[in-house]
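Undergrad: What follows is a protein structure lacking sequence information:
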């Protein structure tokens, strides 16, 4: 298959973040939008991905009340003080972080149309860091399209 | 956007839906399949996405019993009558909707092969509207491929 | 990135698996990496998808303790012995499997860069089979990129 001039391209970026763990939630929409604009891609798919098994990605209305709600929700779902077999392997106290991250999952796809994400006005792309300590994360942001 | 001869193309559609909220679940597979056929794309990725932070997308065997099960499951997970800090910000009574939607997430990718979704026979793509009132939704349906 | 002659391509594979159900969790990373290498695609998106509505895909640090933790977590979340309306329709005893699978969802996207998945060292792509009996599964593995 011949690539016509102007065909679909792929651009891969890293969005570095310093997080505090314990459900620390970061809005990465503006940083991603800047890279999307830089890519020149107008129509296609944006893929957000976090390497590591103690963080996840989703969207949320980014306001302080809801961030607290999410924190309390995940604490109820997989409590920090619970018993985890993971401790028997590593003794690093973050079994709860792993369980939460596997549930929320490390990737999120957002359509791009007209050079912008098709997000709602009150909908931001967030990294949720479930680990039990501060971390440096690199969110992979990859755009494929025309 | 015009397809360059031979190469990968991107087609973006909207699937409009009227929902009743409260875990109202809509099978959007036939509407999406019609747009997929129209797109002419035979192999690639289909991305479903709902703008807004009180609805989510997943797959389910679309039969009435299971729809009730999901409703009861989400009610147990993040109860409508619970206390949500989101209320302190907006007082619109839908903190539970936001929490559920952030967990289920707004996007879903399905492979396309031979011009069809690679879904199982008893597996439908659904929008779950978690909001606490009727809404008009536009599901973004975007196909990229050959 | 410079587009090599040939442009973006799409390759679709099947990864067959025999599972035991009941939250049986399989690391499919090596099988997928082999197919990715075979595809020749160096940069783009990998999409994992499981047909059927009683299994899901995510990532996890693949070690025995955590696999047990996930099993116990899902049992608490949607217990096998619970009451499910799905039973009234089919009487096949796997309502819990469906609810869990709809929550975890059947797809996962992972970026490809330099011919490899951008996974962390302790992060594997897994199929979780929630059904209540042994199954033969075909995970669809589709790569699109340059």
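TA: Alright, I've got the coordinates. Since the model is a prediction, treat every value here as computed from it, not as a measurement. Residues are numbered from 1 along each chain as shown, chains lettered A, B, ... in the order given.

Undergrad: sec struct for the residue lying closest to residue A:133 once chain neighbours are set aside, please.
TA: The shortest distance from residue A:133 to any non-neighbouring residue, by Cβ to Cβ, 6 or more residues apart in numbering or on different chains, is to residue A:21 (5.1 Å). Using the backbone N, CA and C atoms, a C-beta is placed for each residue, glycine as well. Per DSSP: H, G, I helix; E, B strand; the rest coil, the local secondary structure of residue A:21 is coil.

Undergrad: pretty sure residue A:21 is touching residue A:128, no?
TA: No: under the criterion of Cβ atoms under 8 Å, residue A:21 makes no contact with residue A:128, lying 10.2 Å away.

Undergrad: quick one, which of these two is more surrounded?
TA: Between residue A:21 and residue A:128, residue A:128 has the larger neighbour count (other Cβ atoms under 10 Å in any protein chain shown), namely 24 against 16.

Undergrad: which residues touch the more buried one?
TA: A:23, A:24, A:25, A:55, A:56, A:57, A:58, A:70, A:74, A:104 (Cβ atoms under 8 Å, 6 or more residues apart in numbering or on different chains).

Undergrad: How much space separates the residue nearest to residue A:133 from residue C:66?
TA: 18 Å (Cβ to Cβ, to the nearest Å).

Undergrad: picking that back up, in JSON lines: the contacts of residue A:128, plus secondary structure, neighbour count and pLDDT.
TA: Listed next are the contacts of residue A:128 as JSON lines, based on DSSP: H, G, I helix; E, B strand; the rest coil; neighbours: other Cβ atoms under 10 Å in any protein chain shown; pLDDT from 0 to 100:
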{"residue": "A:23", "secondary structure": "coil", "neighbour count": "21", "pLDDT": "98"}
{"residue": "A:24", "secondary structure": "strand", "neighbour count": "20", "pLDDT": "98"}
{"residue": "A:25", "secondary structure": "strand", "neighbour count": "19", "pLDDT": "98"}
{"residue": "A:55", "secondary structure": "strand", "neighbour count": "26", "pLDDT": "98"}
{"residue": "A:56", "secondary structure": "strand", "neighbour count": "27", "pLDDT": "98"}
{"residue": "A:57", "secondary structure": "strand", "neighbour count": "22", "pLDDT": "98"}
{"residue": "A:58", "secondary structure": "strand", "neighbour count": "24", "pLDDT": "98"}
{"residue": "A:70", "secondary structure": "helix", "neighbour count": "22", "pLDDT": "98"}
{"residue": "A:74", "secondary structure": "helix", "neighbour count": "25", "pLDDT": "98"}
{"residue": "A:104", "secondary structure": "helix", "neighbour count": "21", "pLDDT": "98"}
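
Undergrad: export the residues you listed to JSON lines and tack on distance to residue B:137?
TA: As requested, these are exported to JSON lines (distance: Cβ to Cβ, whole Å):
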{"residue": "A:23", "distance to residue B:137": "28"}
{"residue": "A:24", "distance to residue B:137": "31"}
{"residue": "A:25", "distance to residue B:137": "25"}
{"residue": "A:55", "distance to residue B:137": "29"}
{"residue": "A:56", "distance to residue B:137": "24"}
{"residue": "A:57", "distance to residue B:137": "22"}
{"residue": "A:58", "distance to residue B:137": "18"}
{"residue": "A:70", "distance to residue B:137": "22"}
{"residue": "A:74", "distance to residue B:137": "26"}
{"residue": "A:104", "distance to residue B:137": "23"}
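
Undergrad: Going by distance to residue A:44, which of those residues wins?
TA: residue A:57 (18.4 Å; Cβ to Cβ).

Undergrad: Would you mind listing the residues in contact with that closest one?
TA: Contacts of residue A:57 by Cβ under 8 Å, 6+ apart are A:48-50, A:104-108, A:125-128, A:139.

Undergrad: shouldn't residue A:107 be in contact with residue A:49?
TA: Yes: shown here, residue A:107 and residue A:49 form a contact pair, counting by Cβ under 8 Å, at 4.7 Å.

Undergrad: anything in contact with each of those two?
TA: Listed as contacting both residue A:107 and residue A:49 by Cβ under 8 Å, 6+ apart are A:57, C:109, C:110.

Undergrad: Figure out the helix or strand that the closest residue to residue A:77 other than its chain neighbours lives in.
TA: Excluding its sequence neighbours, the residue lying closest to residue A:77 (Cβ to Cβ, 6+ apart) is residue A:100, at 6.9 Å. According to DSSP states H and E, residue A:100 maps onto helix A:95-104.

Undergrad: So which elements touch that helix?
TA: Applying 3 or more Cβ pairs under 8 Å, 6 or more residues apart in numbering or on different chains; DSSP states H and E, we find helix A:95-104 packed against strand A:55-60, helix A:64-77, helix A:86-90, strand C:55-60, helix C:64-77.
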